[in-house]
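Engineer: Sequence and predicted structure below; questions after.
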Amino acid sequence: MSEKKHKVRDIFIEGPIDPQFVADSLAKHATRMDIGAHELFLGQVRADGVAGADDRPSATTVEAIAFTAYRDMALERMTDIREEAFALWPSMICLHVHHSLGRIPAGQLCFFVFASSPHRKAAREAVAWVVDRIKADLPIFGKEIFADETHTWKTNRSVDPSGRPDHQ
Amino acid sequence: MRVHLFGILAEKAGSDVVELEGAATDELRAEFRRRFPNTKGLMFAMAVDRKVVNGNQPLNGNEEVAMLPPFAGG
């Protein structure tokens, strides 16, 4: 289970992330006696409300997000982010990242970042940093599909309009 | 050369790949805007060989080029 070999891993899962997958992932770490802390981030599709517009006669809510990605670039960038994370938090024992592709209904999980370390500080800090980096740097695109079948394209707030991360 | 499109750009162009001619990324941008006036006002970054381009990058025609609307992962 050593994660310190930075080969390109496929982070993408077709469809929602099953909570059982999260539990199974956690359970697999029971054999690692050097781990003292796990930190998990789970992203869930939120049923945001939107007002009416020219092409949308009345207010509606997000029913699902359809995710697509520039897969090869995303996986290369994720490999770099993983290497940077292990360099920044050398005590981190393992780091797992999963992101959904395809149509994910509101209420379902679409993003899972999981770090383990001997003590809580490294895992906590690493997960927060990795989540921010992924949102800013990975070419993943999200179409928010509304209950009335109209849609809009999601944009992460921390990303500038050119698509480049602004690093705050 | 083949240019890969994603997200709203693929939707507006009606395809996830377009053939565009240009010796640098800015030329591909300009031709894309001419071919698809319905993308007016949509901002996008470009990637060459899976790296985001800053500024205008010359091309030899053998690169993997992509146009990337704002990211929305997570």
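Structural biologist: Perfect, I can see it now.
Engineer: Give me the sheet partners of the lowest-mean-pLDDT helix or strand in chain A and which way each runs.
Structural biologist: The helix or strand of chain A with the lowest confidence, counting by mean pLDDT, DSSP states H and E, is strand A:49-50 at a mean of 86. Next to strand A:49-50 in the sheet, as set by DSSP bridges, lie strand A:60-69 (antiparallel).
Engineer: which is the next helix or strand following the strand it pairs with?
Structural biologist: Going down the chain from strand A:60-69, the next helix or strand is helix A:71-88, by DSSP states H and E.
Engineer: circling back to that earlier point, list the contacts of the least confident helix or strand of chain A.
Structural biologist: Residues outside strand A:49-50 that contact it (C-beta atoms under 8 Å, 6 or more residues apart in numbering or on different chains): A:56, A:59, A:60, A:61, A:62, A:146, A:152. Quick note: C-beta positions are derived from backbone N, CA and C, even for glycine.
Engineer: how about those, which pair is most distant?
Structural biologist: Within those, two members stand farthest from each other by C-beta to C-beta: A:59 and A:152, at 13.4 Å.
Engineer: In terms of neighbours, single out the busier of these two.
Structural biologist: Applying other C-beta atoms under 10 Å in any protein chain shown to residue A:59 and residue A:152 shows that residue A:152 carries more neighbours, namely 16 against 13.
Engineer: Is that one within a helix or a strand, and which one?
Structural biologist: Applying DSSP H and E as the criterion places residue A:152 in strand A:151-154.
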